[in-house]
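>>> this one's structure only:
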């Protein structure tokens, strides 16, 4: 018993799983689900009801009410902007359109506003925002008529995505992102520490192979592994769940960028942890929080502000966002923006890895 | 044939924080010789090898391999191309076969020995398609040596190649090293087995606590430090001791055996005649020549048992 305890205590690996991991999970999920502050959503509004160069009185009043909720961070889109292109360019996920003639229609009691979101059944924030907008409309109706319905304004829900997607279709990009991350980080760290323990790294250091070539080799190998796991996810998705989202050229580029980034991070971590046990613990310590804080499983909007700030520095956030942009929303520019971020982070880690990795003995 | 120095080490020092692992060693290794670096664990053998194969930086002094300075970047590139190394405790990829492992390392050099020939050389033809993890300890070591030869190196560094092997496997490795000598390869061997160094080496350097305490051919060292040849009269007892003591006053009685130092050619027949002429009783007569263990004992006052000083 005493011996077992000592072994347990001295093994960094078991210490991680027994103590650090539960604490990590509690802190992580505790923080994610204990949102006291009301969530806030970036909410785009295009007011097309312009009279004499100014927003009509009714539409301006409506926008004012939206602003006062505090839940919606209203960003006005100029009336002249081509909204379809704008949605693509800016990666818009929640948008309200106040159509031309809104004020006129209010008078004839058949006005409507158009709410464009992803399907509420796949993204809870869409459902929340819809609820908020409907409440505002109700208040607006009451304020305008001074009485209960007949309603003068109704909400028309429109989907931002052209296809009829289900939850699984939104889940798959997150799953691919997560799997790229775990394959890359665990793979690179594991491969390094195993070969160090076997003496293979020492042997390779006596050959003409340079450490940079070694790092590139490991990263390329992990890229292949990433491609395999992505292919497995998509195949199972198509065969069993009949998913509709499939990678296009932009998501392939993004997947490649992710497949560079995470092994790069792994190589940097592997520099500091030499034994297999501690390497495993270190990989978990990095991978687990990233998995849950980067929007793989929960939308970032659900999380409190400080966690969202953390998410902003995690490469997986940009990978997930980019994958959804390209695979689900078809937002090319936003996907490319996220790709660029992932790629830059990846290159930084690879360069850092090759600078600090010590080929030779110390 | 004039001797060409392929390794030249001059006043080499390696310090790790407060510990001085190698403390001002100087030696030369000539082309084509099997050179042994002998000493107990922690004497500085591996540190010296790792400096010579460019795995560690030097603290002070110089070391050149094949004329290239181990401290210069360009020198290191050249050395890595031209030497073969078997690091201590080296294990290669478990899930690759013998042949696949050799091919893997050969790719690092872009040139080298024919893999099939190499497999023949280390006598692993039957195991060419066997996974590394399924080889016995001895066969693993043979593959590891083959890996050290994959680039057809001019100098081969073998860091404790027989540690942990059973006697049969050790002998097989010895045969391999003898084969390397026949091929005119320079072999830099580290070992804590004195018998190994004595059997295999053209030249031996003994290192203790980071300092070289002896340098020469095995026979030079033995004749210089090993002491005399001894006749052992097994179970001779007091009777044989008393008989021999008159003519050989330096004889000793140890655990019932009589030890008689042999100085000149006539000593041995004289001692035997003394015993047999007086019909002394004994179990067996053994002539024991001094060896490197005696040299080490003489120089340090200690023996090496399982690599450790005792």
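Yep, that arrived. Every value quoted in this text rests on a predicted model; they were computed, and no experiment measured them.
>>> what about the host helix or strand of residue A:269, distance to the chain center?
Element membership for residue A:269 (DSSP states H and E) is helix A:249-272. Remark: helix A:249-272 is offset 16 Å from the chain centroid, using Cα atoms, centre = their mean, to the nearest Å.
>>> Check which residues of that helix are buried.
For helix A:249-272, burial by neighbour count (16 or more other Cβ atoms under 10 Å in any protein chain shown) applies to A:250-251, A:253-271. To be clear about C-beta, it is placed using only N, CA and C from the backbone, and glycine gets the same treatment.
>>> Could you do stretch A:74-82 as well?
Those would be A:74, A:77, A:79, for stretch A:74-82 by 16+ other Cβ under 10 Å.
>>> picking up where we left off before, helix or strand next in line after the helix holding residue A:269, which one?
Past helix A:249-272, the next helix or strand by DSSP H and E is helix A:276-293.
>>> Show me what that next one is packed up against.
In terms of contacts (3 or more Cβ pairs under 8 Å, 6 or more residues apart in numbering or on different chains; DSSP states H and E), helix A:276-293 is packed against helix A:12-15, helix A:21-33, helix A:167-198, helix A:249-272, helix A:305-312, helix A:315-324.
>>> Could you identify the helix or strand that succeeds the longest one?
For helix A:167-198, the following helix or strand on the C-terminal side (DSSP H and E) is helix A:200-205.
>>> Could you give the separation of that next one from the chain centroid?
Helix A:200-205 sits 39 Å away from the centroid of its parent chain (Cα atoms, centre = their mean).
>>> for the record, mean pLDDT for it?
Averaging pLDDT along helix A:200-205 gives 91.
>>> List the buried residues in it.
Result for helix A:200-205 [16+ other Cβ under 10 Å]: buried residues A:200-205.
>>> Intersect these with the contacts of chain B.
Among these, the residues within reach of chain B (Cβ under 8 Å from any Cβ of the partner chain) are A:200, A:202-205.
>>> tell me the contacts of the residue nearest to residue A:211 when sequence neighbours are not counted?
Spatial nearest neighbour of residue A:211, chain neighbours left out: residue A:359 (4.0 Å); criterion: Cβ to Cβ, 6 or more residues apart in numbering or on different chains. Listed by Cβ atoms under 8 Å, 6 or more residues apart in numbering or on different chains, the contact partners of residue A:359 are A:201, A:204-205, A:210-211, A:214.
>>> Now with 10 Å, please.
Contact analysis of residue A:359 by Cβ atoms under 10 Å, 6 or more residues apart in numbering or on different chains lists A:201-202, A:204-206, A:209-212, A:214-215, B:54-55.
>>> Ok, residue A:350 next?
Going by Cβ under 10 Å, 6+ apart, residue A:350 touches A:212, A:215-216, A:219, A:260-261, A:263-265, A:267-268.
>>> Over to residue B:70?
Neighbouring residues of residue B:70 by Cβ under 10 Å, 6+ apart: B:7, B:9, B:12, B:51-58, B:62-64, B:76, B:79.
>>> give me phi/psi at it?
Per-residue torsions, residue B:70: phi -70, psi -20 (degrees, to the nearest 10).
>>> do the one 5 residues further on as well
Backbone torsions of residue B:75, given as degrees, to the nearest 10, read phi -60, psi -40.
>>> Could you do residue A:72 as well?
In terms of degrees, to the nearest 10, the main-chain angles of residue A:72 are phi -100, psi 130.
>>> Over to residue A:133?
Per degrees, to the nearest 10, the backbone of residue A:133 is at phi -60, psi -40.
>>> check which helix or strand covers the closest residue to chain A within the stretch 101-250 of chain B.
Relative to chain A, the nearest point of the stretch 101-250 of chain B is residue B:108 (4.0 Å; Cβ to the nearest Cβ). According to DSSP H and E, residue B:108 maps onto helix B:98-109.
>>> Buried residues of that helix, list them for me.
For helix B:98-109, by 16+ other Cβ under 10 Å, it's B:98-102, B:104-106, B:108-109.
>>> Stretch A:342-353 too?
Residues of stretch A:342-353 classed as buried by neighbour count (16+ other Cβ under 10 Å): A:342-343, A:345-346, A:349-350, A:353.
>>> Show me those that map onto helices.
Judged by DSSP state H, these include A:342-343, A:345-346, A:349-350, A:353 as members of helices.
>>> Redo the residues you listed as CSV? Include pLDDT.
Below are these laid out as CSV (pLDDT from 0 to 100):
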residue, pLDDT
A:342, 94
A:343, 93
A:345, 93
A:346, 91
A:349, 91
A:350, 89
A:353, 85
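>>> So which residue is dead centre in chain B?
Per Cα atoms, centre = their mean, the C-alpha nearest to the average position across chain B is that of residue B:197, at 3.1 Å.
>>> Am I right that that one sits in a strand?
No - using DSSP: H, G, I helix; E, B strand; the rest coil, the assignment for residue B:197 is helix, not a strand.
>>> quick one: it and residue B:45 touch, right?
No - judged on Cβ atoms under 10 Å, residue B:197 makes no contact with residue B:45 at a distance of 11.3 Å.
>>> overlap in contacts of these two?
Between them, residue B:197 and residue B:45 share these contacting residues under Cβ under 10 Å, 6+ apart: B:36-39, B:189-191, B:205.
>>> Chain A against chain B: which residues are in contact?
Residues of chain A lying close to chain B (Cβ under 10 Å from any Cβ of the partner chain) are A:194-195, A:197-210, A:213-214, A:359-362.
>>> Kindly recompute the last result at 6 Å.
Proximity of chain A to chain B (Cβ under 6 Å from any Cβ of the partner chain) is limited to residues A:198-199, A:202-203, A:205-209, A:360-361.
>>> just to revisit the earlier point, tell me which helix or strand comes right after the helix holding residue B:108.
Remark: after helix B:98-109, the chain's next helix or strand is helix B:115-121, criterion DSSP H and E.
>>> now that next one: mean pLDDT?
93.
>>> Can you list the neighbours in contact with that helix?
B:102, B:125, B:128, B:146 (Cβ atoms under 6 Å, 6 or more residues apart in numbering or on different chains).
>>> What pLDDT is listed against the second one?
This points to residue B:125. Looking at residue B:125, its pLDDT reads 94.
>>> The last one too?
With respect to pLDDT, residue B:146 scores 95.
>>> Can you point out the buried residues in stretch A:302-315?
Buried residues in stretch A:302-315, counting neighbours by 16+ other Cβ under 10 Å, are found at A:302-303, A:307-308, A:310-311, A:314-315.
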